[in-house]
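*Asks:* this is the structure alone, sequence omitted:
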């Protein structure tokens, strides 16, 4: 689906307060950490979707996947998720979505985990959410998967190894999925990243 004038990119740290304000408007109240990598969809200078990449207990998590209500069902969430997954470069990733989003995340390579197989801190999180009446569960994307540019989420995925590199928070991905790098990758000793679209 063509999405005119929609840009998908990694937000800079000074933009985090604006994204937090957008999250609040969309009903997402969890805070943003300075260590988060935030992927955003932007149209006309306004954020229309966002997702957080966090690191917790040594694991990569996808959190806070939200699309502005008036921008939903236009393919923006799928494209943003594809951008997020593309930058995992083979790293494993967990998320805690609502049950009705199972197919949405499955198309990007995530698979459901039984509660007993999830990391303990995620089991506790799921239990806490369920006591509040939220119908959530844990999903996991294995480290062996890596989405390729221009590849549909349900196509076969190929593993990609990345050693000693991480992305700088300045990649620009247009709606045509072309990639323009504002600055080069920098060296690092480690490898690193209620509305319809949501992952806690």
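*Replies:* Alright, I've got the coordinates. Because the structure is a prediction, the values reported are computed rather than measured. Numbers count the residues shown, from 1 in each chain.

*Asks:* for the longest strand along the chain, which strands pair with it and how are they oriented?
*Replies:* Counting residues, the longest strand found in the chain (DSSP state E) is strand 46-56. Strand pairing for strand 46-56, using DSSP bridges, gives strand 37-43 (antiparallel), strand 59-67 (antiparallel).

*Asks:* and the angle for the helix or strand that the last one is followed by with strand 37-43?
*Replies:* Downstream of strand 59-67, the first helix or strand assigned by DSSP states H and E is helix 76-86. Angular relation of helix 76-86 and strand 37-43 on a 0 to 180 degree scale: 150 degrees, by axes from the mean of the first three to the mean of the last three CA atoms, to 10 degrees.

*Asks:* and helix 76-86, what does it pack onto?
*Replies:* On a contact count with 3 or more CB pairs under 8 Å, 6 or more residues apart in numbering; DSSP states H and E, helix 76-86 meets strand 6-10, strand 37-43, strand 46-56, strand 59-67, helix 102-106. (C-beta placed from N, C-alpha, C; glycine too.)

*Asks:* at 10 Å instead, please
*Replies:* On a contact count with 3 or more CB pairs under 10 Å, 6 or more residues apart in numbering; DSSP states H and E, helix 76-86 meets strand 6-10, strand 37-43, strand 46-56, strand 59-67, strand 93-95, helix 102-106, strand 171-174.

*Asks:* give me every residue that touches residue 63.
*Replies:* Counting by CB atoms under 10 Å, 6 or more residues apart in numbering, residue 63 makes contact with 28, 30, 32-33, 36, 51-54, 56, 94-97, 198-200.

*Asks:* what residues sit buried inside stretch 129-148?
*Replies:* 129, 136-141, 145-147 (16 or more other CB atoms under 10 Å).

*Asks:* reformat these as TSV; add distance to residue 117 and secondary structure.
*Replies:* Below are those laid out as TSV (distance: CB to CB, whole Å; DSSP: H, G, I helix; E, B strand; the rest coil):
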residue	distance to residue 117	secondary structure
129	18	helix
136	15	strand
137	11	coil
138	8	strand
139	11	strand
140	8	strand
141	14	strand
145	17	coil
146	22	coil
147	23	coil
